[in-house]
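Student: Got a sequence here, can you build the structure:
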Amino acid sequence: MLNPNGDLQLRQQQQLQQRVEQQISTIYADINLSVSIEVLAAELISTMRLTDQFHTPTPQINHWSQKDTILITYGDSIFNQDEKPLQTLHHFLHSYCANTINSVHILPFFPYSSDDGFSVIDYASVNDALGDWDDIKQIAQSHHLMSDLVINHCSSRSKWFDNFIRGEGTGYDYFYTDSTYSLSNATLSTNGDSNTERHDIEAVVRPRTSPLFRSTQTASGEQQVWCTFSHDQVDLDFTNPKVLINFVSIIRQYLDNGVKIFRLDAIAFLWKKAGTPCINLPETHEIVRLLRTLIEHARPDAVIITETNIPNKENLTYFGNGNEAHCIYNFALPPLLVNTLITGNCQYLKQWMMSMPPAQNGTAYFNFIASHDGIGLRPTEGLLSDQEINQLVTTMQEFGGKISWRTVTTDTKHTANSKSEEVRKPYELNITLYDALKGTTAGKDEWGHRRFICAHTIMFALEGIPGIYIHSLLGTSNDYKKLEHTSHNRSINRHRWALDSLTEQLDDPESQHARSLHDINYLITLRTAQPAFHPNATQFTLQLGDQIFGFWRQSIDRSQSIFCISNISNTQLTLPLANVNLISSDFWYDLITGDTIKNISQILTLEPYQTLWLSNR
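Tutor: So this is what the prediction gives:
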């Protein structure tokens, strides 16, 4: 007898095999592989355990709603001497965020050697100082769990790198070196220029000021290892398919332990090729597409978020054609919103909002205004002028912040003696959001907390999924002691709260920490009940002048409209409602205060940094 279900499953298996083969062929088009494309595809499918059972994903499905808010936190941002930090985190979520936060991004929870987790020693283990896989699974049972896949590099203290130095064992051929680069460079015509390779390296886009290569003594002699970020973070060589297979195995393990959302860390730098800036290369995009194929066939509701702290236009490319990242970080939002609130002018924010394409179904923006990293400035390239950026940098320094820099190489080819020069440019602002908004370009003032909450009312209302950093939720200020202890600028925004100290602060309703937690939880509670705040609901920017920032959201079924209007200045302003074009037949009220609109022709008074969420439902 015929078995229709069996025949369908066989066809789907064949289609998956063909799709993976096609993606591998694109990635390794210029690489001489030691195995066939067919064998490599079959091994990837087997590693993800898709040989016998897999799901066929439905395209353009939104795996999110207005009910989703992601808390970004380290596993030990809150600690208690009497229990493992992951258990303390779980208890905090249930005690203080039970009805507001349904998703949690636990920053790298693996054994590491530097960069607060982003220099991973062992991808398969949970850091003993935090807990174990059972603790991770417990959190995943009550929250959507987001985990980092630190895929571009690993720790120089990892077993893989030890084997690289020894020249044997897993990892001995996992790392990108100057010899790997030279092999790809050999295909280029030098046209008689002996400095071609040097110029190629100078063209590489860097997010740091440290030298690109680290010298390492190995069993086969001295080698120069590529290090995009730091000399403790050695870049992996994805031209070797064994590296790809190993990471697919790691992804499978994370899925088995409850991870639903994968943050692809520093993914833009993954593939290197001579004669290019070694960022955002076609092979990198194809690897994202391949990982999505494998992940969504294993778990259809899994989500990939690409972490690409790069100029806005480049960032948008990681949506692909709806077949790469499900979500991309809205990296331009934090610097533009901070700039808006300290200048009292929303011109640049509006221009960016109007230029952003709506995310198609099956994709979404991931909105955040603070994170474990600093406030990146590269996404503002082409959006803010150099003068605006310099003013932003100066103001953050006056508020106690630090600045991280990157090196940019300029080529003076127009001169008789062509030479390259290196200049430093600000890469990111290192400061807590609470302190970043304690004043304006004129200095500190009394509106800091209201300015801080205003920033969140704007973010929570925007198209996309909101992510909130734990130190914004708790209104944490700059940690100068940790900064002094580590000498790393990012430490200023990576405070560790002792649970008893935090509880004492949260029990005092007048503390900035209790006020921040209360006000933000209140906004999230409102947000989750509004269909117009669905991450894919319609968004339209309003033109209300430079001091009032406004936009309109409409639910997917068109039953609800919300006009989000914020006074982003430190002075009282008036707004004729006629400028907003409310529908006269609808009943309108402010979701935040509960005040009703008695007459759509009335003139509203907006206090400094007040936000209205005017809803017809």
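Student: Now residue 268. Nearest residue, chain neighbours left out?
Tutor: residue 308 (4.5 Å; Cβ to Cβ, 6 or more residues apart in numbering). All C-beta spots, glycine's among them, are computed from the backbone N, C-alpha and C.
Student: typo on my end, it should be residue 428
Tutor: residue 374 (3.4 Å).
Student: these two touch, right, the one you found and residue 431?
Tutor: Yes: counting by Cβ atoms under 8 Å, residue 374 does reach residue 431; the two are 7.3 Å apart.
Student: Residues that sit against both of those two, list them.
Tutor: residue 493 (Cβ atoms under 8 Å, 6 or more residues apart in numbering).
Student: sorry, back to before: contacts only, for the residue nearest to residue 268.
Tutor: For residue 308, the contact set (Cβ under 8 Å, 6+ apart) comprises 267-268, 280, 314-315, 318, 328-329, 331.
Student: Now it. Its backbone dihedrals?
Tutor: The phi/psi pair for residue 308 (degrees, to the nearest 10) reads phi -130, psi 90.
Student: where's the residue nearest to residue 428 relative to residue 290, distance?
Tutor: As judged by Cβ to Cβ, to the nearest Å, residue 374 and residue 290 stand 31 Å apart.
Student: which SS state does residue 128 fall under?
Tutor: What DSSP: H, G, I helix; E, B strand; the rest coil gives for residue 128 is coil.
Student: pLDDT score for it?
Tutor: Confidence at residue 128, expressed as pLDDT, is 98.
Student: which intervals of the stretch 151-300 of the chain have sub-threshold pLDDT?
Tutor: The model of the stretch 151-300 of the chain has pLDDT under 70 over residues 183-199.
Student: swap the cut-off to 90 and go again
Tutor: In the predicted model, the stretch 151-300 of the chain carries pLDDT under 90 at residues 179-203, 206-210, 274-275.
Student: just the stretch 451-600 of the chain next, same as before
Tutor: Looking at the stretch 451-600 of the chain by pLDDT under 90, you get 581-586, 598-600.
Student: go with 80
Tutor: Judged against pLDDT under 80, the stretch 451-600 of the chain has no low-scoring part.
Student: can you give me the helices in it?
Tutor: 470-473, 480-486, 499-506, 512-528 (DSSP state H, counting those that start in this stretch).
Student: Please produce CSV containing those helices, extended by distance to residue 594.
Tutor: CSV is the format used below for these (distance: least, Cβ to Cβ, whole Å):
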stretch, distance to residue 594
helix 470-473, 24
helix 480-486, 40
helix 499-506, 25
helix 512-528, 10
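Student: Let me know which of the ones you listed is tucked in deepest.
Tutor: Of all these, helix 470-473 carries the top mean neighbour count, a mean of 25, counting by mean count of other Cβ atoms under 10 Å.
Student: in the longest helix seen in the chain, what's buried?
Tutor: Criterion DSSP state H: the longest helix present in the chain is helix 4-27. For helix 4-27, the neighbour count (16 or more other Cβ atoms under 10 Å) marks 16-17, 19-24, 27 as buried.
Student: and residue 230, how many neighbours?
Tutor: Neighbour count of residue 230, defined by other Cβ atoms under 10 Å: 16.
Student: now the one 3 residues further on
Tutor: Residue neighbour count, defined by other Cβ under 10 Å, stands at 25 for residue 233.
Student: likewise residue 282?
Tutor: Neighbours around residue 282, by other Cβ under 10 Å: 13.
Student: Quick check: closest non-adjacent residue to it.
Tutor: residue 26 (7.6 Å).
Student: thought that neighbour was touching residue 287?
Tutor: No: taking Cβ under 8 Å as the definition, residue 26 is not a contact partner of residue 287, at 9.5 Å.
Student: which neighbours do those two share?
Tutor: Common neighbours of residue 26 and residue 287 (Cβ under 8 Å, 6+ apart) do not exist.
Student: Would you mind measuring from residue 202 to residue 424?
Tutor: Taking Cβ to Cβ, one finds residue 202 at 15 Å from residue 424.
Student: Among those two, which residue is more densely surrounded?
Tutor: Neighbour count, other Cβ under 10 Å: between residue 202 and residue 424, residue 202 has more, with 15 against 11.
Student: neighbours around residue 28, how many?
Tutor: Neighbour tally, residue 28, other Cβ under 10 Å: 18.
Student: Excluding sequence neighbours, find me the nearest residue to residue 172.
Tutor: Nearest non-adjacent residue to residue 172 (Cβ to Cβ, 6+ apart): residue 163, at 4.7 Å.
Student: So what touches the strand or helix carrying that neighbour?
Tutor: According to DSSP states H and E, residue 163 maps onto helix 159-166. Outside helix 159-166, the residues that touch it by Cβ under 8 Å, 6+ apart are 121-122, 154-155, 169-175, 216-219, 234.
Student: Pull it out as PDB, backbone CA atoms only.
Tutor: Only the C-alpha atoms of helix 159-166 are listed here, as PDB (Å, rounded to 0.1, in the frame of the first residue of the first chain):
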ATOM      1  CA  LYS A 159      40.700  23.800  24.800                       C
ATOM      2  CA  TRP A 160      40.300  24.500  21.100                       C
ATOM      3  CA  PHE A 161      43.100  27.100  21.200                       C
ATOM      4  CA  ASP A 162      45.300  24.900  23.300                       C
ATOM      5  CA  ASN A 163      45.000  22.300  20.600                       C
ATOM      6  CA  PHE A 164      45.800  24.900  18.000                       C
ATOM      7  CA  ILE A 165      49.000  25.600  19.800                       C
ATOM      8  CA  ARG A 166      49.800  21.900  20.200                       C
END
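Student: Centre of the chain to that helix, how far?
Tutor: 30 Å (Cα atoms, centre = their mean, to the nearest Å).
Student: what do you get for stretch 64-79?
Tutor: Distance of stretch 64-79 from its chain centroid, counting by Cα atoms, centre = their mean, is 13 Å.
Student: just the strands in the stretch 351-500 of the chain please.
Tutor: Assigned by DSSP state E, counting those that start in this stretch, the strands in the stretch 351-500 of the chain fall at 364-367, 375-376, 402-411, 420-430, 439-440, 443-444, 465-469, 497-498.
Student: Dump the ones you listed to JSON lines, plus distance to residue 529.
Tutor: Converted to JSON lines, these look like this (distance: least, Cβ to Cβ, whole Å):
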{"stretch": "strand 364-367", "distance to residue 529": "18"}
{"stretch": "strand 375-376", "distance to residue 529": "30"}
{"stretch": "strand 402-411", "distance to residue 529": "39"}
{"stretch": "strand 420-430", "distance to residue 529": "34"}
{"stretch": "strand 439-440", "distance to residue 529": "33"}
{"stretch": "strand 443-444", "distance to residue 529": "36"}
{"stretch": "strand 465-469", "distance to residue 529": "15"}
{"stretch": "strand 497-498", "distance to residue 529": "30"}
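Student: sorry, back to before: for the contacts of helix 159-166, which one is nearest residue 406?
Tutor: The nearest member of those to residue 406, counting by Cβ to Cβ, is residue 234 at 19.3 Å.
Student: Quick one: list the elements packing against the helix or strand hosting that closest one.
Tutor: In the assignment (DSSP H and E), residue 234 maps to strand 233-235. Counting by 3 or more Cβ pairs under 8 Å, 6 or more residues apart in numbering; DSSP states H and E, the packing neighbours recorded for strand 233-235 are strand 153-155, strand 221-226.
Student: Out of those, which is closest to residue 335?
Tutor: Of those, nearest to residue 335 by Cβ to Cβ is strand 153-155, at 25.3 Å.
Student: List of residues touching that closest one?
Tutor: By Cβ under 8 Å, 6+ apart, the residues outside strand 153-155 that reach it are 112-114, 119-121, 123, 160-161, 227-229, 232-236, 266.
Student: Kindly recompute the last result at 10 Å.
Tutor: For strand 153-155, contacts defined as Cβ atoms under 10 Å, 6 or more residues apart in numbering pick out 110-115, 118-123, 160-161, 171, 174-176, 226-230, 232-236, 265-266, 269-270.
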